[in-house]
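[1] Predicted coordinates and the sequence they were generated for:
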Amino acid sequence: MDRRQFIASTAAIGLMPYHAFAAAPRHHLRAEVVTSQVLPEGDGVTRMLGFNGSMPGPELRVQRGEKATIEVENGLSEGTAVHWHGIRLENSMDGVPALTQRIIEPGATKTYSFVPPDAGTFWYHSHYISHEQVARGMMGPLIVEDDTPIDVDQDITAILADWRMERDGTLIEEYTDRHSIAHAGLLGTFARAFFSSENVRVGDRIRLRLINAATNRIFPLAITGASGRIAALDGMALPEPRVLDQMMLAPAQRVDLIMDVTASVKLDMMSRQGPYELGRIEATDRNEIRRPSLIAPLPPHDLPAPAAPSRHLTMRMMGGAMGGRHGGDNIWAFNDVSDMQAEPFAAIQRGETAKITLVNETSFPHGIHLHGHHFYELSDDGSVGDLRDTTLVFPNQSRDILCTFDNPGKWMLHCHMLSHAVGGMRTWVDVG
Ligand code: C2O
Ligand code: CU
């Protein structure tokens, strides 16, 4: 062998980026019937739906800026489709039957692939008869990893949800009860958080990613045993970490906390009846090494600064119990129109920035979600607030949002109270 040749080619290989050699990681999710210990250990188990034998489904971790490939195998006896909530991805990978894909038939597999542009906390869930399939358990966390790891001792994910079940853990399989749909939506009889870690040490600095995967429930939350700051909302880093006082998570919303552990960490849902414990992470040891330090912002997202809107749209939420009549043909409507129609709510030119005024004319709160984009919430004085993919609007209130529609395709815009969505509160925008 020519020795010089050998050395030269080795050097050339050394210059190539490492990931050119690594096989792109493939993830596999099999939607199937599972048995899950939702109730406390020792109480009954629940037969429900999930992925890869578990509910919530496995935590998927993908790398920002790198292609993620996820095969979804349908092991159910009915169709399904999976939506990657909050990811600004290619329209054909969005997982919305009728709008972006055909359903995945029983026994079939669909391969989704996309390059996630933002590092942060996202989640996946069924988007086919989702008021039912998500309520039965078809959801899980989707974490897009930072380019450089954050300085924490543990990165912990918590999936929060509630389920309508009997005391023995049997699901109450009734998902279209019109009374619930017309009110706050189907609410569970039992709620809890599933944490990705069981233990912490006193003195640990942790990142805690909270995901509200409930179909309809808004979680007002309180944490004891750790103190810290809010570092990200809906997967997007805040420019400055924010003081953590009141936390309210609408369905589908996420919050990332950076916290220092002082004792066992307890997560409570606050209610008029007092705190309801969703779960805890036991402090079993002490971290002797970590030194106190300020909580730094997470690496910034690279979305452009908000642009001035060239268009103003108004979306009035209508209907429901104790609400006015409307022109739609279902329980709920946007601007007198219920459900998905052939015509979009708006046809928007790619790159156009629109201000949308969301007016809640109903007697219930709604968490409005836009697919494929994040948008800025505007405050009453017009100043630019948080970047989100789901915004919570209370009765008799309105909220302006500002969105640059830079992602072409057909994107759903709907209430993420999934009972409200199936009751008519869903539409779409066409970005061309
Ligand atoms: Cu989280 Cu239309 O979905
Ligand atoms: Cu709603």
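    That came through fine. Ligands and ions are numbered 1, 2, ... in the order given.
[2] Mind jotting down where the helices sit in the stretch 151-300 of the chain?
    Applying DSSP state H, counting those that start in this stretch to the stretch 151-300 of the chain gives helices spanning 178-182.
[3] same check, this time on the stretch 301-432 of the chain
    Remark: helices assigned in the stretch 301-432 of the chain by DSSP H, counting those that start in this stretch are 418-422.
[4] Show me what from it comes close to ligand 2.
    Taking Cβ under 5 Å from the ion as the measure of proximity, the stretch 301-432 of the chain contacts ligand 2 at 366, 415, 417, 420. C-betas here are computed from N, CA, C, even on glycine.
[5] just checking, the last one touches A182?
    In other words, H420. No. Counting by Cβ atoms under 8 Å, H420 sits too far from A182 to count as a contact (9.1 Å).
[6] need the residues of the protein near ligand 1, please.
    Counting by Cβ under 6 Å from any ligand atom, the chain comes close to ligand 1 at 83, 85, 125, 127, 252, 369, 371, 412, 414, 416.
[7] contacting residues for the second one?
    What it means is H85. For H85, the set of contacting residues under the criterion of Cβ atoms under 8 Å, 6 or more residues apart in numbering consists of 122-125, 142, 252, 369, 389.
[8] Can you spell out which residues form a bridge with it?
    Counting by DSSP bridges, H85 forms beta bridges with W123.
[9] Was I right to think S338 contacts T427?
    No. Using Cβ under 8 Å as the test, S338 is too far from T427 to be in contact (9.0 Å).
[10] Could you measure from D260 over to ligand 2?
    Applying Cβ to the ion, to the nearest Å, the value for D260 to ligand 2 is 36 Å.
[11] Next up, the contacts around that residue.
    If a contact means Cβ under 8 Å, 6+ apart, then D260 has 203-206, 226-228, 292 as its contacts.
[12] Equivalent analysis for L210, please.
    Contacts were defined as Cβ under 8 Å, 6+ apart; by that measure L210 touches 158, 160, 193, 221, 247, 249, 254-257, 267.
[13] would you list the residues you listed in CSV and tack on neighbour count?
    Shown next, in CSV, are the contacts of L210 (neighbours: other Cβ atoms under 10 Å):
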residue, neighbour count
A158, 28
L160, 24
A193, 23
L221, 22
M247, 17
L249, 24
R254, 28
V255, 24
D256, 26
L257, 24
L267, 25
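[14] Cross these against strands and list the overlap.
    Judged by DSSP state E, strands contain the following of the contacts of L210: 158, 160, 193, 221, 247, 249, 254-257, 267.
[15] Return the member of those residues nearest to L99.
    Using Cβ to Cβ, R254 is the member of these that lies nearest L99, at 23.4 Å.
[16] I figured V200 hits D155, correct?
    No. Using Cβ under 8 Å as the test, V200 is too far from D155 to be in contact (11.6 Å).
[17] Residues in contact with both of those two, list them for me.
    When contacts are counted by Cβ under 8 Å, 6+ apart, V200 and D155 are jointly contacted by I206.
[18] Between the two, tell me which one has more neighbours.
    V200 (28 against 18; other Cβ atoms under 10 Å).
[19] rewinding a little: TSV for the contacts of D260, including pLDDT and neighbour count?
    Putting the contacts of D260 into TSV (pLDDT from 0 to 100; neighbours: other Cβ atoms under 10 Å) gives the following:
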residue	pLDDT	neighbour count
G203	98	18
D204	98	24
R205	98	22
I206	98	22
A226	97	25
S227	96	12
G228	97	19
P292	91	7
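[20] wait, which of the residues you listed is closest to ligand 1?
    Nearest to ligand 1 out of these is I206 (Cβ to the nearest ligand atom; 25.8 Å).
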